[in-house]
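[1] here is my input; please provide its structure:
(one chain, ligands or ions: 1)
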Amino acid sequence: MKDFWNERFGNEAYFYGKSPNQFLKDSAHHLPPSSRILCLGEGEGRNAVHLATLGHQVTAVDLSDEGKKKAELLAQEQHVSLNYIVADLATFDFGDQKWDAIISIFCHLPPETRQLVHQKVIKGLKTGGKFIIQSYNPEQLNFNTGGPKDINMLYTKEILLNDFPAFSWKKLENSMEEIQEGIGHQGMSSLLSGIGVK
Ligand SMILES: C[S@@+](CC[C@H](N)C(=O)[O-])C[C@H]1O[C@@H](n2cnc3c(N)ncnc32)[C@H](O)[C@@H]1O
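    Predicted coordinates:
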């Protein structure tokens, strides 16, 4: 997996672009000023850098060293700093009641890892903390516009409601949207977007 992502991020161009994901951008007003934020599977850093430009204290975690290099370059370009940790989310310690928000943008994980990671999201968020997620849903298999081809790595409302039984959801919905994010995500896409509150 690490080799796959390092190869994908090993070129000069940003595979998912330098601009933040639109859903994250639109959801950022839910975050209190100077929030302590953890970004999961942050790749080349577009979302973490955006949150840092808004004045938040951002930590990013990802398997990819190449992703880290590019995220740090992007942070430099935008005159912000990031704490980017190269680690596997399955073993990374999220801490306890530590984060005001945890962000998961297209961080598609196999079921066992996803469940484990979501348990750590629950423990790691402060009470009242927010989990902001956008992923592809299984309908995305009908499109060739991005995301994993394995249905087990695509998320549904039911999966999130099961993984986070005690969360309240400010938003949890499927949508069809045209997205343009680098060369990685291009065209009509079937998305699941959520803002859960611990
Ligand atoms: C589709 S990319 C999304 C990157 C970024 N969130 C974005 O929207 O631009 C998925 C990312 O998840 C990371 N990833 C996948 N499995 C991981 C794991 N077990 N631990 C840490 N990172 C992981 C990959 O390295 C990759 O950067």
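
[2] what's the burial count for Lys70?
    Using other CB atoms under 10 Å, Lys70 has 23 other residues around it. C-betas here are computed from N, CA, C, even on glycine.

[3] surely Cys39 is within a strand?
    Yes - under DSSP: H, G, I helix; E, B strand; the rest coil, Cys39 sits within a strand.

[4] and it, what does it touch?
    Residues in contact with Cys39 (CB atoms under 8 Å, 6 or more residues apart in numbering) are Asn47, Ala48, Leu51, Val58, Thr59, Ala60, Val61, Ile102, Ile103, Ile105.

[5] filter those residues down to the ones near the ligand?
    Asn47, Val61, Ile105 (CB under 6 Å from any ligand atom).

[6] which helices and strands does the helix or strand hosting Lys69 pack with?
    Following DSSP states H and E, one finds Lys69 within helix 65-77. Where contact means 3 or more CB pairs under 8 Å, 6 or more residues apart in numbering; DSSP states H and E, helix 65-77 is packed against helix 2-9, helix 46-53, strand 83-86.

[7] save these as CSV, and put in distance to Lys70 too.
    Converted to CSV, these look like this (distance: least, CB to CB, whole Å):
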stretch, distance to Lys70
helix 2-9, 6
helix 46-53, 9
strand 83-86, 10
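
[8] now for Asn174: which residues touch it?
    Asn137, Glu139, Lys157, Ser190, Leu191, Leu192.

[9] get me the contact residues on this structure for the ligand.
    1, 5, 16, 21, 41-43, 46-47, 61-64, 67, 88-90, 105-107, 109, 113.
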